[in-house]
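> Build me a model from this:
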Amino acid sequence: MQDADRKESGSKRVYKFPNTRTLSTGILGVGSCLPQRRVTNNELAQYVETTDEWIRDRVGIQSRHIASKDESTVQLAVEASKNAIEQAGITPQDIELIIFATITPTQHLPSCSALLQGELGAGPCLAFDLQAACSGFLFALQTAESLQRTQNLKYALIVGAENLTRVVDWSDRSTCVLFGDGAGAVVTSFTDEKPNILASELHTDGSLSHLIERPGEAYPESTLPKELRDEPVNEKSQYMLMRGREVYKVAVHCMASTINTVLERAGHSLDEVDLFVPHQSNMRMLDAVCERIQLKDRDKMVTNINVVGNTSAASIPIALDYAFKQGRLKKGDLVLLTAVGSGMTYGSMLLRW
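As a prediction, the model looks like this:
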């Protein structure tokens, strides 16, 4: 990348690029963090009415990581971010944008991005949270690209992190066996080489919001006298609910259709894709997507759901780091990403690594 003309303006670095419309973001570093505790299906079967065979057959998961009380969403993100920043060869002080995708924040105020910024010692920068469930990382990556281009922000940190095991009903085997905790992060920078994001197609369809929801009130239990409350508190409302069969049908269609759209828009065929990194939802769903898009070479697909489960917004960056550590990501590779989540949010993206 040609050096940008950097000017100092107090404590704020201002980068003047030759023509921001011709620039795109490139991924410099990737990192992940999983909680220390790993729980196998057999361990889970001691507490939930299920079996290892049933879970493997239905969703393809063998184990998942469950965070301790000391491993908050932000703390997992801190470790993943440090790994990505180190790999990128920069310092936390270089970061000018942080987007934190999560549906399980450590606390409501302040934001996870603010807490992460402070933990990293990143200094004042543009930082905010983004909630798009399992599609959160894709939404955040596209948002970061746009902000970096329009605001002249050289380095960005995009994080997906979740503590999902705290919001599932552990007596409901249709949901609790699916999810795990973890965090993934990438660092992006402007580049004057070929665009990193070649095409993307992202959507939200609120008419399908009932398919995956956590319907409890967003506020703590009211201190109003019982006589003044509209309705009694339902303790079950704090847990995630999912209509599995309907989600399966919608998800396969949404991922497949947006994959075809981005490939056509970018002018590439599926055969040209070097690596397919889908949201790790469940193996049956991923197999169905592969069938729908006619992906013949399944070795191109990155899967680690068997050992981490569904980690929602953290899923894709964790899988990217997994692929990188395996030596499967090379400069110039075409990388196809796809996801679907509560909202329903969904979409696909084609990257040039």
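
> what's the neighbour count on the residue lying closest to Asp274 once chain neighbours are set aside?
In space, and not counting its chain neighbours, Asp274 is closest to Asp333: 4.0 Å by CB to CB, 6 or more residues apart in numbering. (Glycine included, C-beta is placed from N, CA and C.) Per other CB atoms under 10 Å, the neighbour tally for Asp333 reads 14.

> Check the gap between Asp333 and Trp353 for me.
In this view, Asp333 and Trp353 are 4 Å apart by CB to CB, to the nearest Å.

> Need the pLDDT of Ser342.
On pLDDT, Ser342 comes in at 97.

> on that earlier part again, now the common contact residues for Asp333 and Trp353.
Common contacts of Asp333 and Trp353 (CB atoms under 8 Å, 6 or more residues apart in numbering): 274-275.

> tell me the contacts of Arg214?
Here Arg214 is in contact with 103, 167, 237-241 (criterion: CB under 8 Å, 6+ apart).

> run the last query once more with 6 Å
Applying CB atoms under 6 Å, 6 or more residues apart in numbering, we find Arg214 in contact with Met240.

> mind listing the helices for the chain?
For the chain, helices defined by DSSP state H occupy the ranges 41-44, 52-59, 73-88, 112-120, 136-151, 173-176, 244-266, 283-293, 305-308, 315-325.

> Let me see the domain layout of this protein.
What automatic domain parsing lists as the domains of the chain is 5-194, 198-213+239-352.

> Gly267: how many residues sit nearby?
Gly267: 10 neighbours (other CB under 10 Å).

> measure it to Leu275 for me?
The gap separating Gly267 from Leu275 is 18 Å, by CB to CB.

> what do you get for Trp353?
To Leu275, Trp353 is 8 Å away according to CB to CB.

> where in this protein is pLDDT low?
Along the chain, the model assigns pLDDT under 70 to residues 1-25, 191-195, 216-237.

> Point me to the residue sitting closest to the centre of it.
The centroid of the chain falls nearest to Ala313 when counting by CA atoms, centre = their mean (2.6 Å).

> Tell me who's in contact with it.
101-102, 136-137, 160, 162.

> residues contacting Thr345?
Residues in contact with Thr345, defined by CB under 6 Å, 6+ apart, are 132-133, 135, 204.

> Which of those are buried? Put it as a ChimeraX command.
The ChimeraX selection below is limited to those of the contacts of Thr345 classed as buried (16 or more other CB atoms under 10 Å):
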select :132,133,135,204
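
> Which two of the contacts of Thr345 have the greatest separation?
Ala133 and Thr204 (9.8 Å; CB to CB).

> Could you tell me which residues touch both of the two?
Common neighbours of Ala133 and Thr204 are listed as 343, 345 (criterion: CB under 6 Å, 6+ apart).

> distance between the ends of stretch 125-144?
By CA to CA, to the nearest Å, the extent of stretch 125-144 from end to end equals 13 Å.

> ok now that stretch, how far from the chain's centre?
Centroid separation for stretch 125-144 versus its chain: 8 Å, with CA atoms, centre = their mean, to the nearest Å.

> Next up, the contacts around the nearest residue to Gln117 once chain neighbours are set aside.
Spatial nearest neighbour of Gln117, excluding adjacent residues (CB to CB, 6+ apart): Ala127 at 5.0 Å. The contact partners of Ala127, by CB under 6 Å, 6+ apart, come to 98, 113-114, 117.

> is it true that Ala144 touches Tyr155?
No. Using CB atoms under 6 Å, Ala144 is not in contact with Tyr155, being 10.2 Å away.

> Please identify which of the two sits among more neighbours.
Shown here are Ala144 and Tyr155; by other CB under 10 Å, Tyr155 has more neighbours (26 against 23).

> Quick one: neighbours of Tyr47, just the number.
By other CB under 10 Å, the residues close to Tyr47 number 11.

> try Gly244
Gly244 has 15 neighbours, counted by other CB under 10 Å.

> Chain neighbours aside, what residue packs nearest to it?
Using CB to CB, 6+ apart and skipping the chain neighbours, the partner closest in space to Gly244 is Ser174 (5.8 Å).

> Could you do Val262 as well?
The shortest distance from Val262 to any non-neighbouring residue, by CB to CB, 6+ apart, is to Ala199 (4.2 Å).

> Just confirm the one you found contacts Leu350, I think it does.
Yes. Counting by CB under 6 Å, Ala199 does reach Leu350; the two are 5.0 Å apart.

> Now do the shared contacts for the two.
262, 266.

> between the two, who's got more neighbours?
Using other CB under 10 Å, the more surrounded residue of Ala199 and Leu350 is Leu350, with 24 against 18.

> now that one: how far from Arg38?
33 Å.

> any idea how far Ser171 is from the residue nearest to Met301 when sequence neighbours are not counted?
Among residues not flanking Met301 along the chain, Phe276 sits closest, at 4.6 Å (CB to CB, 6+ apart). Distance of Phe276 to Ser171, computed by CB to CB: 35 Å.
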